[in-house]
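>>> sequence first, then the predicted structure, then my questions.
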Amino acid sequence: MNGNEWLAERFEASRGHLRAVAYRIVGSLGEADDAVQESWLRVSGADASCVENLEGWFTTVLARVCLNILRSRKSRREESLEAEGSSPRAVVASKSIDPENEAVLAESVGLALLVVLERLAPAERVAFVLHDMFDLAFEDIADIVGRSPAAARQLASRARRRVRGTSGGSVGELSEQREVIEAFLVALRVGDIVGLLAVLDPDVVRRADRFAVRLDEERELHGAPRVAEEVLKYRDIARFARTIQVNDSGGIVVAPNGYLRTVISCTIEGRRITKMEVIADPERLRKLNLAAFPD
């Protein structure tokens, strides 16, 4: 076995790990696979004889490729938003060669987390993913993002705060909000109108922006029976819905494969939902402060 065959064998042995890293950084299965392939092209032409930790080296090269992808995506963000009328990653979604596989992978990572990660600056996302998800040292991350170790630590810390949110509510309050919304989603997925009525306040109000409803649909609904009846029409997309913090309160994100489509901000009082605001306007979505619920 010559040197290149040996290196190719070692790279293939690390491919699963590299793909997992790439997917969490770029959030797209197609781009993750492209990044892994580009990484191979870069390392295959290099001298690896003095490399002690091959997988660490592969990961470093891959992270740099992914960082370039994120920076390129950011530069064309506005054009993509205008083209799709939603998340800039929607363009990537249309090119997915294996949507079913991507859906499974997105679910394993966490749909809400993918949405929140998308809002981080490229260097923040790389630092957070590499350190918090894959335990890479800040000294190594610093070399990838072109910062000092202290600055890399700050990038990850800033990203962590955005991912977890800054809600002034207690852990108990957040947990209660999440439980109520989870109960709502469970009932919606199985078409259980009794279950929906159990978590909706009798006087609940649901408001929706013009992007969230059809022209012939009402944008404001009052009362639990009417709201429950209406939301059941969207039972088929409930599988893409997950709990999320919206502006430091409980809410729902609808994100097929992690691609943001709709956010529902919920007001919860006495373990019942009293208000629901459905937001699908791309401009409003960009301004929302979204964070994943703590595990």
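Ah, there it is. Numbers count the residues shown, from 1 in each chain.

>>> quick one: Val145 from Phe128, how far?
When distance is defined by C-beta to C-beta, to the nearest Å, Val145 is 11 Å away from Phe128. Yep, even glycine has a C-beta here, placed from its N, CA and C like the rest.

>>> try Gly30
22 Å.

>>> returning to that earlier point: mutual contacts of Val145 and Phe128, please.
Contact with both Val145 and Phe128 is made by residues Leu155, according to C-beta atoms under 8 Å, 6 or more residues apart in numbering.

>>> which one of Gly30 and Phe128 has more residues nearby?
Phe128 (23 against 17; other C-beta atoms under 10 Å).

>>> my guess is the more buried one meets Leu120, correct?
Yes: here Phe128 lies in contact with Leu120, judged by C-beta atoms under 8 Å, at a distance of 6.7 Å.

>>> point out where the stretch 101-250 of the chain drops to low pLDDT.
Judged against pLDDT under 70, the low-scoring parts of the stretch 101-250 of the chain cover residues 166-171.

>>> just the helices from it, written as ranges.
The residue ranges that make up the helices of the stretch 101-250 of the chain, judged by DSSP state H, counting those that start in this stretch, are 111-117, 122-128, 138-145, 149-164, 171-190, 193-199, 224-231.

>>> tell me the buried residues in the fifth one?
Going back to what we said before, that points to helix 171-190. Residues of helix 171-190 classed as buried under the neighbour-count rule (16 or more other C-beta atoms under 10 Å) are 174, 177-178, 180-185, 187-188.

>>> how about stretch 234-250?
Of the residues in stretch 234-250, those scored as buried under the neighbour-count criterion (16+ other C-beta under 10 Å) are 238, 240-246, 249-250.

>>> need the contact partners of that stretch.
For stretch 234-250, contacts defined as C-beta under 8 Å, 6+ apart pick out 110-112, 115-116, 165-169, 174, 177-178, 180-182, 185, 188-189, 191, 251-257, 261, 263-268, 288-293.

>>> what's the distance between that stretch and the middle of its chain?
On the basis of C-alpha atoms, centre = their mean, to the nearest Å, the separation between the geometric centre of stretch 234-250 and that of its chain is 12 Å.

>>> roughly how far apart are the closest residue to Glu38 other than its chain neighbours and Ala32?
For Glu38, the nearest residue in space outside its immediate sequence neighbours is Val65; the separation is 4.9 Å by C-beta to C-beta, 6 or more residues apart in numbering. The span separating Val65 from Ala32 equals 10 Å under the rule C-beta to C-beta.

>>> between these two, which one's more packed in?
When neighbours are counted by other C-beta under 10 Å, Val65 and Ala32 differ, and Ala32 comes out ahead with 24 against 21.

>>> could you dump the helix or strand where the more buried one lies to CSV, C-alpha only?
When elements are defined using DSSP states H and E, Ala32 is found to belong to helix 29-44. Listed in CSV are the C-alpha atoms of helix 29-44, where the atom choice follows Å, rounded to 0.1, in the frame of the first residue of the first chain:
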residue,chain,number,x,y,z
LEU,A,29,-26.2,17.8,3.9
GLY,A,30,-25.3,18.6,0.4
GLU,A,31,-22.8,21.3,1.4
ALA,A,32,-21.5,19.1,4.2
ASP,A,33,-20.7,16.3,1.7
ASP,A,34,-19.1,18.9,-0.6
ALA,A,35,-17.0,20.2,2.2
VAL,A,36,-15.8,16.7,3.1
GLN,A,37,-14.8,16.0,-0.5
GLU,A,38,-13.0,19.4,-0.8
SER,A,39,-11.1,18.5,2.4
TRP,A,40,-10.0,15.3,0.8
LEU,A,41,-8.7,17.1,-2.2
ARG,A,42,-6.7,19.4,0.0
VAL,A,43,-5.2,16.7,2.2
SER,A,44,-4.5,14.2,-0.6
